[in-house]
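> Provided below are the primary sequence and the corresponding predicted coordinates.
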Amino acid sequence: MSEKDKSIEKIKKYIDDNLYEELELAKLAQEAGYSKYHLERLFTKNYGSTLSKYIREERLKDAAARLLFTNTSILEIALEARYESQQAFTLAFKRLYQVPPGIYRSKVKQEACRRKAVTGQNRKWLITNNDWKGRAAA
């Protein structure tokens, strides 16, 4: 693994470990020792996604898990995911999952009950799989 790859992997780990912190591109670039433009290019090359898209999607994946496995309100999850309003969160969530968070929470929980166990691979399926989306919208 090259030094550049290690540096980018280190930034990704930092993002993953600090997902709910303020993650500014300039600070990440400084941490990596690159300009923000070069860091963005390297990250996109290594992970197939821009930094901002990666951060947004990881926050939404974590929010999806919290919707399923906690009773935390949608507003609180939205604010913790660094959205300024529940409406902005709902729009972003719907863009990724094709259903609003409230429907996701209720319909996917029903699907989980139907499948019985919600652990390990099943948990990952609930958060990332597209199979349930058609049923959730119905």
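Cool, got the structure. Numbers count the residues shown, from 1 in each chain.
> relative to Leu75, how far out is Leu67?
Applying Cβ to Cβ, to the nearest Å, the value for Leu67 to Leu75 is 12 Å. C-betas here are computed from N, CA, C, even on glycine.
> neighbour-wise, which of these two wins?
Using other Cβ atoms under 10 Å as the criterion, Leu67 and Leu75 rank with Leu67 on top: 23 against 12.
> quick one, what contacts the closest residue in space to that one that isn't next to it in sequence?
Distances taken as Cβ to Cβ, 6 or more residues apart in numbering put Arg105 closest to Leu67, at 4.4 Å, once the chain neighbours are dropped. Residues in contact with Arg105, defined by Cβ atoms under 8 Å, 6 or more residues apart in numbering, are 67-68, 74.
> element containing the residue nearest the centre of the chain?
Nearest residue to the geometric centre of the chain (Cα atoms, centre = their mean): Glu58, 2.1 Å. In the assignment (DSSP states H and E), Glu58 maps to helix 51-69.
> Ala88 reaches Ala78, doesn't it?
Yes - counting by Cβ atoms under 8 Å, Ala88 sits close enough to Ala78 to count as a contact (7.4 Å).
> neighbour count for these two, which is higher?
A side-by-side neighbour count of Ala88 and Ala78, using other Cβ under 10 Å, places Ala78 first with 21 against 13.
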